[in-house]
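K.L.:
need a 3D model of the following:
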Amino acid sequence: QVQLVESGGGLVQAGGSLRLSCAASGFTFSSYTMGWFRQAPGKDQEFVAARSWSLFSTYYADSVKGRFTVSRDNAKSTVYLQMNSLKPEDTAVYYCAATKSRGNLATDFDYWGQGTQVTVSS
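P.N.:
Numbers count the residues shown, from 1 in each chain. The predicted structure is shown next:
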């Protein structure tokens, strides 16, 4: 069965860094665009970043451009989110997701992980 398992979340001070990982199984990872979304308490889920299956395209929300980097290792079926210069407003549950479509909406994604909590203290 399809599984996406996130790890790497935690508590960090503002200005610090975290690296999230998402290990995938049960589908052809190299054929899917992999994305990251987040949801803060009381807020809607929002797109964070995505890396296309072709490795040639990356997409970022304006709020994380220049601070976050999404990468993937198709040999390991794993996608990463390197988060630098973290801010308290980055506090959220972070989810990885997989899609074969070209969109960046949550509804475009077929498979989802269970999420990992990131908390940034001021």
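
K.L.:
just want the most central residue of this protein.
P.N.:
In the chain, the residue lying closest to the centroid (C-alpha atoms, centre = their mean) is W36, at 2.4 Å.

K.L.:
and it, helix, strand or coil?
P.N.:
With DSSP: H, G, I helix; E, B strand; the rest coil as the basis, W36 sits in strand.

K.L.:
low-confidence stretches in this protein?
P.N.:
55 (pLDDT under 70).

K.L.:
which residue ranges form the strands in it?
P.N.:
Applying DSSP state E to the chain gives strands spanning 3-7, 10-13, 18-25, 33-39, 46-51, 58-60, 68-73, 78-83, 92-99, 111-112, 116-121.

K.L.:
measure stretch 37-45 end to end?
P.N.:
One end of stretch 37-45 to the other measures 7 Å (C-alpha to C-alpha, to the nearest Å).

K.L.:
just the buried positions in that stretch, please.
P.N.:
For stretch 37-45, a neighbour-count test (16 or more other C-beta atoms under 10 Å) marks 37-38 as buried. (Each C-beta comes from the backbone N, C-alpha and C, glycine too.)

K.L.:
hmm, back to that, relative to L105, which of the strands of the chain is closest?
P.N.:
L105 lies closest to strand 46-51 among the strands of the chain, at 7.3 Å (C-beta to C-beta).
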